[in-house]
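Q: Here's a sequence, model it:
(one chain, ligands or ions: 2)
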Amino acid sequence: MPEKLPKTETSVPALIQGVGLSFGLGLGHAFWHHIGQTSSFKKETTTNKEKNRLNKAFLSLQKEIDTLFSDAADQLPNESHQILEIYRHLAADKGWKRRLFMEIEKGLLAEDAIQNILSQFKAIYEPDPFWKTRFHDLEDLSARLHKHLMQKSPKVLPLDAPQPLVVIAKSLGVADFLEYHNKNLKGVILTETNESSHMIILARSLGIPVVEGDENTLKKIAHNHPLLVDGEAGQIHIRSLENLIQIFNEKTNNRTVISSFKSRKYKNLTTQDGVKIDLYINANLTEDLVGLDHSIIKGVGLYRTEIAFMKRDNAPSVETQTNLYRQVLDAAGEKPVLFRTLDIGGDKIIPQFQSINQPHKTKNIQNWRAIRLTLDRPMIMRQQLRALIKARTSSKFPEHPLYLMIPMLAEPSEFIATRQLVELELSREKRIGHPIPIDVKVGAMIEIPALVHQLGSLAPLVDFLAIGSNDLFQFFYAIDRDHLQTFHRYDVLSPAFLMFLKHIQEQAELYNIPLSLCGEMASHPLEAMALLGLGLRKLSVSPGSIEPIKKMVSSLNLKSFNPYLMAICQQMVTPTTLTEMRFGASTSLRQKLKNYAIDHGVI
Ligand code: PEP
Ligand code: MG
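A: Numbering: from 1, shown residues only. Ligands and ions are numbered 1, 2, ... in the order given. As a prediction, the model looks like this:
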């Protein structure tokens, strides 16, 4: 029997070309998401009554967010947990609550207070594309808070919602997205968003395709109509279900064929002009190691050991640590894993070491962290080293080297002290008759500018170098990496920072030390393109970025890009060039690099 389609306007094309924001292929039925605000009505009330209602609504909102997130957390990689945390904090934000109370004190009902504050934030945030996406999170939470006030169920889906779902929305907040995800979500189509929105980051982690399209065209799609969302091609197909299933199968088969063909054919990743690039992955948990299955991935360029500590309530014993590190090594097989020694302290509070981080019972000391803390408390470091040594010798490939990477070094002497701890642990194992690894390679992370000026002294001591660009950028520009307002004040793609990285690359080449970069920069195609232009050849990226980075590398011609990059980095800044720049008065080269990529077919 022919399928009866919902009435989508005849002027809607069978294919809408949009912009792909999250890869994947999803088939489902259109569901229009609307942010539901029910208008308030006048009633007998007092300021105190309104405050009480708001307090109660806040409590149920937090409970709801907690349940929603604990359901989603298991399916998300660790990197995405941070987003849930930011959101959770926003839902409990004292500043927001205070402003709402102030509005109530002016005589407003709680519902109207929410609306007023939202409008105030809208006026502040809407002009800026970055803050606009953060505003969507607040909009999402405000709608939920409003529903709790009205004591309505804040669920976004009606009982008769189509299954499976393709949600069409102007924008979508994290909580709404996760709620849809729990209800068989296959794809998302947005008309107004930003690549860096939290929701998009989560969609990428969960493999849900997201496409951005034109609002006027999308409006014509009827509720319930079958849709196919192709995040990779940035396309939305609107046809009968039968047709869509056929397209879905063709696309899936094609992609499997292409990827298996590629993985057989290419082991090395090279640029268009034949320069070999080594790609590694960053991993926080064993789940992230699936990225290693990719044939072009050389190994784990950064394993953040502290994350496993952060998930626990009590300090892991040497045995527990050994088991965990062995699991990681066995999952990696013959591919190397660079274990970054504990980077705790500062903002990375680990419950079991909380007292250590507050020696004077004052607030956390922001920069007493990583190697500074573990050299001051050497037993923590020694236990970790012991576990890493045991894990290597009891793993499936005990003949492979153990790689250690030391974070937050400011002075070569700190590296020497760490190496001494490694030697102490190796001799201890030998003394008690335990095996030791055939080779232990110890590398230094470059995260503090002071170390860059001492690379001549450091070079003879280290086996390799890794730039931690997240911290290096933070300390280079004196900003707070967790505070978006200062973080986005400057750009990693500025000549000052790029030339600083170039200097590090030249020093590593001069002293013949292998150099990689494992900060977030490497995971973004435009930034990674600049890094290759500077001469870096080893990048460690988050597993979700393998495909986009691979595409960028294969389509880049370094012979022509390198001189271009050097020329724009050395251009003098004048008042005229400044006015052309996108980042206000900053010297960002982002727009120029984007134009270069477009003009030269770099994907
Ligand atoms: C860095 O600082 O770039 C880095 C990789 O370390 P983390 O982000 O864990 O501080
Ligand atoms: Mg760091």
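Q: Now look at stretch 409-424 and say if it contacts ligand 2.
A: No - in terms of C-beta under 5 Å from the ion, no part of stretch 409-424 sits within range of ligand 2; the closest distance is 10.9 Å. Every C-beta, even on glycine, is put in place using the N, C-alpha and C of the backbone.
Q: Residue of the stretch 501-603 of the chain nearest ligand 2, please.
A: Across the stretch 501-603 of the chain, the shortest distance to ligand 2 (C-beta to the ion) belongs to residue 519, at 7.2 Å.
Q: Number of residues surrounding the residue nearest to that residue when sequence neighbours are not counted?
A: The spatial neighbour of residue 519 that comes closest, neighbours along the chain excluded (C-beta to C-beta, 6 or more residues apart in numbering), is residue 469 at 2.9 Å. Number of residues near residue 469 (other C-beta atoms under 10 Å) recorded here: 22.
Q: Kindly report the same for residue 436.
A: So residue 436, with other C-beta under 10 Å, has 18 neighbours.
Q: any idea which helix or strand carries it?
A: Taking DSSP states H and E as the definition, one finds residue 436 inside no helix or strand.
Q: residues in the stretch 351-500 of the chain within reach of ligand 2, list them.
A: 447, 468, 471.
Q: out of those, who has the most neighbours?
A: residue 447 (27 neighbours).
Q: Nearest to ligand 2 within the stretch 201-350 of the chain, name that residue for me.
A: Taking C-beta to the ion as the measure, the stretch 201-350 of the chain has residue 343 as its residue closest to ligand 2, at 6.2 Å.
Q: got a list of what that residue touches?
A: Residue 343 makes contact with 304, 305, 306, 369, 370, 407, 408, according to C-beta atoms under 8 Å, 6 or more residues apart in numbering.
Q: Counting by contacts, list what the longest helix anywhere in the chain packs against.
A: Longest helix in the chain by number of residues (criterion: DSSP state H): helix 47-73. If contacts are counted by 3 or more C-beta pairs under 8 Å, 6 or more residues apart in numbering; DSSP states H and E, helix 47-73 sits against helix 78-91, helix 94-105, helix 110-125, helix 129-149, helix 174-181.
Q: Against which helices or strands is the helix or strand following the fourth one packed?
A: From helix 129-149 onward toward the C-terminus, using DSSP H and E, the following helix or strand is strand 165-169. On a contact count with 3+ C-beta pairs under 8 Å, 6+ apart, strand 165-169 meets strand 25-32, helix 174-181, strand 185-190.
Q: what residues does strand 165-169 touch?
A: Residues contacting strand 165-169 (C-beta under 8 Å, 6+ apart): 26-34, 176, 180, 183-191, 218, 221, 227, 229.
Q: Now list the buried members of those residues.
A: Buried members of the contacts of strand 165-169, counted by 16 or more other C-beta atoms under 10 Å: 26-31, 33, 176, 180, 183, 185-191, 218, 221, 227, 229.
Q: Could you chop the chain up by domain?
A: 15-33+156-255, 47-149, 305-446 (automatic domain parsing).
Q: The ones you listed: which one's closest to ligand 1?
A: domain 305-446 (5.6 Å; C-beta to the nearest ligand atom).
Q: what's the model's confidence in that closest one, averaged?
A: For domain 305-446, mean pLDDT is 88.
Q: Same check on stretch 471-481?
A: On average, stretch 471-481 scores 90.
Q: Output it as PDB, restricted to C-alpha atoms.
A: Taking Å, rounded to 0.1, in the frame of the first residue of the first chain, the C-alpha atoms of stretch 471-481 are listed here in PDB:
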ATOM      1  CA  ASP A 471      48.200  25.800  28.800                       C
ATOM      2  CA  LEU A 472      50.900  27.400  26.700                       C
ATOM      3  CA  PHE A 473      48.400  29.700  25.200                       C
ATOM      4  CA  GLN A 474      46.900  30.500  28.600                       C
ATOM      5  CA  PHE A 475      50.300  31.400  30.100                       C
ATOM      6  CA  PHE A 476      51.500  33.200  26.900                       C
ATOM      7  CA  TYR A 477      48.600  35.600  26.900                       C
ATOM      8  CA  ALA A 478      47.900  35.600  30.700                       C
ATOM      9  CA  ILE A 479      44.300  34.400  30.300                       C
ATOM     10  CA  ASP A 480      42.200  31.900  32.100                       C
ATOM     11  CA  ARG A 481      41.500  28.800  29.900                       C
END
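Q: got the buried residues for it?
A: 471, 472, 473, 474, 475, 476, 477, 479, 481.
Q: swap in stretch 328-344?
A: For stretch 328-344, using 16+ other C-beta under 10 Å, the buried residues are 328-329, 331-332, 335-344.
Q: Counting only strands, which of the residues you listed make the cut?
A: Judged by DSSP state E, the buried residues of stretch 328-344 include 337, 338, 339, 340 as members of strands.
Q: all strands of the stretch 451-600 of the chain, in order?
A: Ranges of strands within the stretch 451-600 of the chain are 464-467, 515-517, 538-541, based on DSSP state E, counting those that start in this stretch.
Q: how about JSON lines for these, with mean neighbour count and mean pLDDT added?
A: Shown next, in JSON lines, are the strands of the stretch 451-600 of the chain (neighbours: other C-beta atoms under 10 Å; pLDDT from 0 to 100):
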{"stretch": "strand 464-467", "mean neighbour count": "24", "mean pLDDT": "98"}
{"stretch": "strand 515-517", "mean neighbour count": "25", "mean pLDDT": "98"}
{"stretch": "strand 538-541", "mean neighbour count": "25", "mean pLDDT": "96"}
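Q: Please convert those strands to CSV, extending it with distance to ligand 1.
A: As requested, the strands of the stretch 451-600 of the chain are arranged in CSV below (distance: least, C-beta to the nearest ligand atom, whole Å):
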stretch, distance to ligand 1
strand 464-467, 7
strand 515-517, 8
strand 538-541, 8
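Q: Would you convert those into JSON lines that also reports distance to residue 122?
A: Listed next are the strands of the stretch 451-600 of the chain as JSON lines, based on distance: least, C-beta to C-beta, whole Å:
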{"stretch": "strand 464-467", "distance to residue 122": "39"}
{"stretch": "strand 515-517", "distance to residue 122": "38"}
{"stretch": "strand 538-541", "distance to residue 122": "35"}
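Q: thinking again about what came up before, tell me which two of the ones in strands among the buried residues of stretch 328-344 sit farthest apart.
A: 337 and 340 (10.1 Å; C-beta to C-beta).
Q: Mind picking out the helix or strand in the chain with the poorest mean pLDDT?
A: helix 575-580 (a mean of 58; mean pLDDT, DSSP states H and E).
Q: Give me the three-state assignment for residue 445.
A: Put simply, residue 445 is strand when judged by DSSP: H, G, I helix; E, B strand; the rest coil.
Q: And for it, the neighbour number?
A: When neighbours are counted by other C-beta under 10 Å, residue 445 registers 27.
Q: Same check on residue 12?
A: By the measure other C-beta under 10 Å, the count of residues near residue 12 is 17.
Q: so who does it touch?
A: Contacts of residue 12 by C-beta under 8 Å, 6+ apart are 217, 220, 221, 238.
Q: Then it would be within a strand, right?
A: No - going by three-state DSSP, the assignment for residue 12 is coil, not a strand.
Q: roughly how far apart are the residue nearest to residue 369 when sequence neighbours are not counted and residue 150?
A: Among residues not flanking residue 369 along the chain, residue 345 sits closest, at 3.1 Å (C-beta to C-beta, 6+ apart). Distance, residue 345 to residue 150, by C-beta to C-beta, to the nearest Å: 45 Å.
Q: of those two, who's got more company?
A: Using other C-beta under 10 Å, the more surrounded residue of residue 345 and residue 150 is residue 345, with 26 against 15.
Q: Quick check: the gap between the more buried one and residue 275.
A: 39 Å.
Q: Residue numbers of this structure in contact with ligand 1?
A: Counting by C-beta under 6 Å from any ligand atom, the positions of the chain adjacent to ligand 1 are 302, 304, 343, 447, 468, 469, 470, 471, 518, 519.
Q: you'd agree residue 371 is up against residue 411?
A: No - assessed by C-beta atoms under 8 Å, residue 371 is found out of contact with residue 411, at 9.9 Å.
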